[in-house]
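quick one, fold the following:
(one chain, ligands or ions: 2)
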Amino acid sequence: MSKLRVAVIGAKGRIGAEAARAVEAADDLDLVAAIDRDDRLETLTEADTQVAVDLTHPDAVMDNLEYVIGHGIHAVVGTTGWTPVRLAALEERLAAAPGIGALVAPNFSIGAVLTMRFAQQAARWFESVEVIELHHDNKPDAPSGTAGRTAQLIAAARAEHGRAPQHDPTTHGLPGARGADVDGVPVHSVRLRGLLAHQEVLFGGTGETLTIRHDSLHHSSFMPGILLAVRTVPGVPGLTYGLEHFLSEDFRPDED
Ligand SMILES: NC(=O)C1=CN([C@@H]2O[C@H](COP(=O)(O)OP(=O)(O)OC[C@H]3O[C@@H](n4cnc5c(N)ncnc54)[C@H](OP(=O)(O)O)[C@@H]3O)[C@@H](O)[C@H]2O)C=CC1
Ligand SMILES: O=C(O)C1=N[C@H](C(=O)O)C[C@H](O)C1
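Numbers count the residues shown, from 1 in each chain. Ligands and ions are numbered 1, 2, ... in the order given. Have a look, this model is predicted:
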């Protein structure tokens, strides 16, 4: 069987370099292009790419996707900075490219996907909730894509179960002290040398708290999810938001 022809955009970056190595090491995938800021996107078409993985920067991803989708290439997107407006624009672009699929994943690690799911499940049962995300000191976007998505899912679950918006008791203090407001959920962003990607979801109820914590300790945590996405996206036209839609019973994050 012929191998799937895969390109990585942002291949000199922290996660891009790891992703290029993971694709190269997979028996069923062929790394046909590994490009970064100074390289031409035309390399992708010259290499007859079938799936492009974008791991670049919020400023670059939309232009990259325009090229990729416009040239009939499926996309796996880990780059963050997504807003509802950007997602709607991507969905519209894909509607004009029948048969082409794009997965946008706020986080490719199984632990982070499960954190979001567990937080969604817990949301209806607790009066208070706050999200703390902690990342390395070079991250340009805040809050993280994962934290933003987690907060959205929590807010939607609260609304679905008729929970009133949270009460913020603050009457005195400094701007920003209560974090960013994502759909009514406070999200706090820590940037610290030595960290990679970490998140805590804190729930509070009468006389108890529940903390859900996830730590990505190495970029290898994202690789099984990226490889799953690369293999799956050609069969799923249109926009998919979140790796959870590609997960199945036989997904084995510890293999590959
Ligand atoms: N969804 C997920 O699970 C994960 C997502 N991410 C996301 O992936 C993205 C990259 O993260 P990270 O690797 O830490 O960042 P890095 O800055 O280490 O890497 C990004 C790379 O992309 C390059 N780049 C910038 N613009 C372009 C462009 N127009 N075309 C091609 N390459 C470009 C950068 O070049 P230069 O250095 O010259 O700017 C750099 O080499 C971020 O948005 C991050 O949030 C990260 C980890 C997991
Ligand atoms: O920049 C990172 O490192 C990461 N970015 C993603 C995010 O913003 O959620 C995923 C993960 O947290 C690592």
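
where along this structure do the strands fall?
Using DSSP state E, the strands of the chain run over 4-9, 29-35, 51-54, 74-77, 101-104, 128-135, 180-182, 185-191, 197-205, 208-216, 238-241.

just checking, Phe126 touches Val201?
No: look at Phe126 against Val201 with CB atoms under 8 Å: they stay out of range, at 10.0 Å. No exception for glycine: its C-beta is placed from N, CA and C like everyone else's.

which one of these two has more residues nearby?
Higher neighbour count among Phe126 and Val201: Val201, with 27 against 19, using other CB atoms under 10 Å.

return the nearest residue of the stretch 151-256 of the chain with respect to ligand 1.
With CB to the nearest ligand atom, the shortest gap between the stretch 151-256 of the chain and ligand 1 falls at Phe222, namely 4.5 Å.

residue contacts, that residue?
For Phe222, the contact set (CB atoms under 8 Å, 6 or more residues apart in numbering) comprises Ile15, Glu18, Ala19, Gly78, Asn107, Phe108, Ser109, Ser216.

let's see it at 6 Å
Phe222 makes contact with Phe108, Ser109, according to CB atoms under 6 Å, 6 or more residues apart in numbering.

what's the answer for Gly194, then?
With CB under 6 Å, 6+ apart, Gly194 has no contacts at all.

nearest residue to Ile110 other than its sequence neighbours?
Once flanking residues are discounted, Ile110 sits nearest to Pro253: 4.6 Å by CB to CB, 6 or more residues apart in numbering.

okay, now the one you found: neighbour count?
Residues contacting Pro253 under the criterion other CB under 10 Å number 17.

next one: it, what pLDDT does it get?
Looking at Pro253, its pLDDT reads 88.

against Glu200, how distant is it?
In this view, Pro253 and Glu200 are 21 Å apart by CB to CB, to the nearest Å.

what of Ser248?
The gap separating Ser248 from Glu200 is 28 Å, by CB to CB.

between these two, which one's more packed in?
Neighbours were counted for Ser248 and for Glu200 using other CB under 10 Å; Glu200 has more, 18 against 7.

pretty sure the more buried one is in contact with Glu130, am I right?
No: the criterion here is CB atoms under 6 Å, and Glu200 misses it with Glu130 at 8.6 Å.

which parts of the stretch 101-250 of the chain sit against ligand 2?
For the stretch 101-250 of the chain, the residues in contact with ligand 2 (CB under 6 Å from any ligand atom) are Pro106, Asn107, His135, Lys139, Ser144, Gly145, Thr146, Ala197.

swap the cut-off to 5 Å and go again
For the stretch 101-250 of the chain, the contact set with ligand 2 under CB under 5 Å from any ligand atom comprises Asn107, Lys139, Ser144, Gly145, Thr146, Ala197.

tell me the one among the residues you listed nearest to ligand 1.
Asn107 (4.2 Å).

list the contacts of the nearest residue to the closest one once chain neighbours are set aside.
Distances taken as CB to CB, 6+ apart place Thr146 nearest to Asn107, at 4.3 Å, with adjacent residues excluded. Contacts here follow CB under 6 Å, 6+ apart; on that basis Thr146 touches Pro106, Asn107, Ala112.

pretty sure the first one is in contact with Thr150, am I right?
When you say that, I think you mean Pro106. No: applying CB under 6 Å, one finds Pro106 not in contact with Thr150, separated by 8.3 Å.

pick out whichever of those two has more residues nearby.
Thr150 (32 against 22).
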